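> Only the shape, not the letters, is given here:
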């Protein structure tokens, strides 16, 4: 059945809160039911109600996400001859505005920028101009986070930095590593340190990968392709996200022929769409499929939700008497397509639709690790979604000893690769994870913050710092190679005790933005 063709004057009639159509890349969409779910608030869409919304859509989203909208929202195509013609004057104005914006972005890294952090509620300190330090002054991963916090727009920072509910798990992900103590061996020849290893058949320079994170263009106008290039430069693997700002084709095109990429999948309620995207990823050369299993619904991330609420002005609220839905932020808005019915019985379908290695991302117990092995998974990621899902869930590093012991009991030790993400900020964190049985670890926010602060050079610098720290840790621990890192080199007596005195993390405490209450 052919798509219906609409004229622009017909589309322009649907320009109200209760009846909103937009044109994006030549296609007509009814977004009325999506207004309250839009990541930036409904006001952003209403600017394009009854109009061509491509200019507002293109800087942040890829065309793949349009396929995630329900069929009822996809109305047809626009007759291109009816689109308003851009006058020479309007074209010049648009180009001037784009060039002005580009200059401002370029100058942003050189000139003082408004420090919105000091303008947060309950902070009476005056705004202090911020001058971005040279990249050479970045000495640890937290430095990048500090710079990114100053550089990013409030909405982008709120989305990246937010955690679920009270953000206890968000903070615990970091704290858990600091309850693991090292037991160095001495009198070992450590003149040469070799950090190379293999993950899912791919040789890498360090047991580290960039994990999947959504909406990369909130950090950098180029989006996830920046991470692609940086991963290749440092010889690590990039996991490409379902909810990327770049399209799958763009991320594949940015890949070097000798580079390995993995694909992260949120299973769609429309299974045919999931199969289609998986086949595209496999045909493009991706070697592993990481199926997210900890997100039948995305968590309540209140920093993100407050930003979304503030972005919606009174003039775009619903009609009188109707309830305004303010319970969703960027995270929940972009995830309405995720299938909450996904279960173990679907593993047969997952294994059958691709030859890529299947890895389950979001395993959090030894029992589920065993089930993953029994259902044919080649690997698992111990993860709580960066502390963004179920608050007070345990950290991936705390779960790791439980998982390795569970697999040992059923004779599956070493038969399935185990990855950990969440809270990795030091090279010693990588060491601790390897010692406890992990194949490798993933970083998400650190890569995004480095990209927001310094682009590709920042991501490469962040990875290099982790390499330098891991090399030092391995040398001081008496482990010349990754295979020399053993379980008895770490003490985990306090790991499972969540409320015990532990060393204060001064770097995190200076950067962490406490949650705020509702404003009048």
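On my side now, so go ahead. Every value quoted in this text rests on a predicted model; they were computed, and no experiment measured them.
> Which residue lies nearest the spatial centre of the protein?
residue 213 (1.6 Å; CA atoms, centre = their mean).
> my read: that one touches residue 446, true?
No - in this structure, residue 213 is not within contact of residue 446 by CB atoms under 8 Å, at 10.2 Å. Placement of C-beta: from N, CA and C, glycine included.
> circling back to that earlier point, check which helix or strand the residue nearest to the centre of the chain maps to.
Under the assignment given by DSSP states H and E, residue 213 is not contained in any helix or strand.
> out of everything not next to it in sequence, what's closest to it?
Taking CB to CB, 6 or more residues apart in numbering, and ignoring the residues beside it in sequence, residue 213 has residue 444 as its nearest neighbour in space, at 4.5 Å.
> How about the contacts made by that neighbour?
Contact analysis of residue 444 by CB atoms under 8 Å, 6 or more residues apart in numbering lists 210-213, 386, 421.
> Phi first, then psi, for it.
Backbone dihedrals for residue 444, given as degrees, to the nearest 10, come out at phi -120, psi -80.
> Could you measure from it over to residue 135?
21 Å (CB to CB, to the nearest Å).
> What's the end-to-end length of stretch 211-231?
11 Å (CA to CA, to the nearest Å).
> chain center to that stretch, what's the gap?
Computed by CA atoms, centre = their mean, to the nearest Å, the chain-centroid distance of stretch 211-231 equals 9 Å.
> list the buried ones in that stretch?
Judged by neighbour count (16 or more other CB atoms under 10 Å), stretch 211-231 contains these buried residues: 211-220, 222-231.
> How about stretch 259-273?
Of the residues in stretch 259-273, those with enough neighbours to count as buried (16+ other CB under 10 Å) are 259-268.
> quick one: which of the contacts of residue 444 is nearest residue 54?
For residue 54, the nearest member of the contacts of residue 444 is residue 213. The distance, counting by CB to CB, is 25.0 Å.
> Helix or strand next in line after the biggest helix by length in the chain, which one?
Counting residues, the longest helix in the chain under DSSP state H turns out to be helix 445-477. Read in the C-terminal direction, the helix or strand following helix 445-477 is strand 490-491, with elements assigned using DSSP H and E.
> Averaged pLDDT, that next one. What do you get?
When the per-residue pLDDT values of strand 490-491 are averaged, the result is 98.
> Could you do stretch 166-181 as well?
The average pLDDT for stretch 166-181 rounds to 94.
> Now find how far off-centre that stretch is within its chain.
Here the centre of stretch 166-181 is set off from its chain's centre by 19 Å, with CA atoms, centre = their mean.
> just to revisit the earlier point, looking at the contacts of residue 444, which two lie furthest apart in space?
Pairwise distances across those peak at 13.2 Å for 210 and 386 (criterion: CB to CB).
> higher neighbour count, these two?
It is residue 210, of residue 210 and residue 386, that has more neighbours when counted by other CB atoms under 10 Å, with 28 against 24.
> Could you list which of the buried residues of stretch 211-231 belong to helices?
Restricting the buried residues of stretch 211-231 to those inside helices, with DSSP H as the criterion, leaves 225-231.
> Any chance of the residues you listed in JSON lines with pLDDT as columns?
Conversion of those to JSON lines gives the following (pLDDT from 0 to 100):
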{"residue": "225", "pLDDT": "97"}
{"residue": "226", "pLDDT": "97"}
{"residue": "227", "pLDDT": "98"}
{"residue": "228", "pLDDT": "98"}
{"residue": "229", "pLDDT": "98"}
{"residue": "230", "pLDDT": "98"}
{"residue": "231", "pLDDT": "98"}
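> Pick the one among those closest to residue 168.
Residue 168 has its nearest neighbour among those in residue 227, at 28.5 Å by CB to CB.
> That closest one touches residue 239, doesn't it?
No - the pair residue 227 / residue 239 is not scored as a contact, 9.4 Å apart, by CB under 8 Å.
> Overlap in contacts, those two.
Listed as contacting both residue 227 and residue 239 by CB under 8 Å, 6+ apart are residue 210.
> circling back to that earlier point, can you tell me which of the contacts of residue 444 is nearest residue 433?
residue 421 (9.5 Å).
> so what's the closest one scoring on pLDDT?
Each residue has a pLDDT score; the one for residue 421 is 97.
> was I right about it contacting residue 387?
No - if you go by CB under 8 Å, residue 421 and residue 387 don't touch, sitting 10.7 Å apart.
> Overlap of the contact sets of the two?
Contacts common to residue 421 and residue 387, judged by CB under 8 Å, 6+ apart, are absent.
> And residue 397, how far from residue 470?
According to CB to CB, residue 397 stands 15 Å off from residue 470.
> okay if I get the ones in helices among the buried residues of stretch 211-231 as a markdown table plus distance to residue 512?
As requested, those are exported to a markdown table (distance: CB to CB, whole Å):
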| residue | distance to residue 512 |
| --- | --- |
| 225 | 30 |
| 226 | 25 |
| 227 | 24 |
| 228 | 29 |
| 229 | 30 |
| 230 | 25 |
| 231 | 27 |
